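1. model the following, please.
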Amino acid sequence: MHVEDSDIITEKLGRVCQIRLNRPSRANSFTPEMLEALKLALIDAQQDKKIRVVILTGTGDNFTTGMDLGALKDIPLEENPRVAATMERLGAETSHILMQGKISICAINGRVMGMGVVYTLASDLRYAVDDATFQLPEIDASIIPAANCMTLLVQQLGIARTKEMLFTCKQWTAQDFKSAGIVNEIFPREAFMESVMQIAKQLSRKNQDVLRFTKACLNHVPFVRSFQEGSSIEEATFLSTFQKDKDAYLQRLADEFGLDVG
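-> Residues are numbered from 1 along each chain as shown. This next block holds a predicted model:
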């Protein structure tokens with residue numbers, strides 16, 4: 001099944017849903033409408049019971065260069081705060097879906113900037129082409145990084161390197177991000193999507209209840225206040241394996257630990 005929404009292309013291949021950013025003439029940069037379409041495509045994949053794994057990638061040589069600041073120039077100045085707030089909200093909501101929903105893979109097919117880095121960090125697994133680059137240029141554009149950017153970066157990269165990345169706005173290579181533990185693996189371009197699809201299909205064959213509870217635990221534990229709290233969450237998610245009524249147990253975890261397992 002193949003669904004196209006001009007700037008967003010959705011292709012469902014068995015148990016895998018591939019969502020592709022498709023605005024190559026503008027390096028797949030985001031307009032408010034494109035962000036809304038991406039969010040709806042991700043929600044559709046979450047609600048489709050046949051889909052088990054979601055891949056987010058881009059068309060051409062860019063994953064995405066983030067928000068299209070040029071698009072804001074056509075908007076009356078007094079409307080800029082509202083539009084910027086809408087884009088920040090949509091970016092945060094989309095990263096939340098990637099983190100809390102079905103297993104997500106970010107297939108970084110080239111240059112990635114701004115909000116694209118956030119989506120990389122929000123995905124469960126990250127694979128990049130060998131010539132991919134990463135950059136957060138917001139401060140050079142007099143914009144404060146948002147949409148969960150700082151929270152996810154500090155958690156995964158550490159405070160010192162996060163400050164370096166945000167303050168200097170310098171460009172990082174795929175190898176830099178792999179060495180920092182952000183990118184899982186680097187593939188040559190000619191074998192890139194085939195390699196990513198192979199991994200996605202392997203994941204789609206695993207026990208999905210076990211995967212989603214494990215994902216929920218792993219995403220939550222880094223933010224808890226004590227070892228004991230983390231241990232309790234890990235024990236509760238382990239016990240989910242043996243529950244017949246998964247939905248009722250899911251609700252218990254949500255009530256007791258604030259755990260969101262999608």
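
2. how far off centre is the strand or helix carrying Lys39?
-> Assigned by DSSP states H and E, Lys39 belongs to helix 32-47. For helix 32-47, the separation from the chain centroid amounts to 12 Å (computed by C-alpha atoms, centre = their mean, to the nearest Å).

3. next: stretch 102-117.
-> For stretch 102-117, the distance to the chain centre is 6 Å (C-alpha atoms, centre = their mean).

4. returning to what we had before: would you mark the buried spots in the helix holding Lys39?
-> Judged by neighbour count (16 or more other C-beta atoms under 10 Å), helix 32-47 contains these buried residues: Pro32, Met34, Leu35, Glu36, Ala37, Leu38, Lys39, Ala41, Leu42, Ala45, Gln46. (Each C-beta comes from the backbone N, C-alpha and C, glycine too.)

5. then stretch 226-245?
-> Residues Gly230, Ile233, Ala236, Thr237, Ser240 are the ones in stretch 226-245 that count as buried (16+ other C-beta under 10 Å).

6. which residues touch the last one?
-> If a contact means C-beta atoms under 8 Å, 6 or more residues apart in numbering, then Ser240 has Asp209, Phe213, Lys246, Tyr249, Leu250, Leu253 as its contacts.

7. thought Asp44 was touching Thr10?
-> Yes. With contacts counted by C-beta atoms under 8 Å, Asp44 reaches Thr10, the gap being 7.2 Å.

8. can you map out the strands along this protein?
-> Here the chain has its strands, by DSSP state E, at 2-5, 8-13, 16-21, 53-58, 62-64, 103-108, 111-113, 125-129, 133-135, 172-173, 185-187.

9. and those strands as TSV, adding distance to Ser179?
-> Formatted as TSV, the strands of the chain follow (distance: least, C-beta to C-beta, whole Å):
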stretch	distance to Ser179
strand 2-5	36
strand 8-13	32
strand 16-21	26
strand 53-58	22
strand 62-64	19
strand 103-108	15
strand 111-113	17
strand 125-129	12
strand 133-135	12
strand 172-173	9
strand 185-187	11
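
10. deepest-packed of those strands, please.
-> Compared across those, strand 62-64 shows the largest average neighbour count, a mean of 28 (mean count of other C-beta atoms under 10 Å).

11. partner strands of that one, parallel or antiparallel?
-> Next to strand 62-64 in the sheet, as set by DSSP bridges, lie strand 111-113 (parallel).

12. neighbouring contacts of the strand it pairs with?
-> Against strand 111-113 from outside (C-beta under 8 Å, 6+ apart): 27, 61-66, 120, 132-137.

13. returning to what we had before: what's the least confident stretch among the strands of the chain?
-> Of all those, the minimum mean pLDDT falls on strand 2-5 (a mean of 57).

14. so what sits opposite Ser104 in the bridge?
-> Bridge pairing for Ser104 - DSSP bridges - gives Val54.

15. got the contact list for it?
-> Val53, Val54, Ile55, Leu56, Leu98, Ala122, Ser123, Asp124, Leu125.

16. so, low pLDDT: which residues of the stretch 151-262 of the chain?
-> 260-262 (pLDDT under 70).

17. show me where it has helices.
-> Assigned by DSSP state H, counting those that start in this stretch, the stretch 151-262 of the chain shows helices spanning 159-168, 174-179, 192-204, 208-220, 227-239, 246-257.

18. and Ser142, which of those is closest to it?
-> Closest of the helices of the stretch 151-262 of the chain to Ser142 is helix 159-168, at 13.2 Å (criterion: C-beta to C-beta).

19. for that closest one, packing partners?
-> Judged by 3 or more C-beta pairs under 8 Å, 6 or more residues apart in numbering; DSSP states H and E, the packing partners of helix 159-168 are helix 149-157.

20. circling back to that earlier point, list the residues that contact both of Asp44 and Thr10?
-> Joint contacts of Asp44 and Thr10 (C-beta under 8 Å, 6+ apart) do not exist.

21. ok, back up a step: could I get the contacts of Ser104 in JSON lines, plus columns for distance to Val196?
-> Shown next, in JSON lines, are the contacts of Ser104 (distance: C-beta to C-beta, whole Å):
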{"residue": "Val53", "distance to Val196": "10"}
{"residue": "Val54", "distance to Val196": "12"}
{"residue": "Ile55", "distance to Val196": "6"}
{"residue": "Leu56", "distance to Val196": "10"}
{"residue": "Leu98", "distance to Val196": "15"}
{"residue": "Ala122", "distance to Val196": "17"}
{"residue": "Ser123", "distance to Val196": "11"}
{"residue": "Asp124", "distance to Val196": "13"}
{"residue": "Leu125", "distance to Val196": "9"}
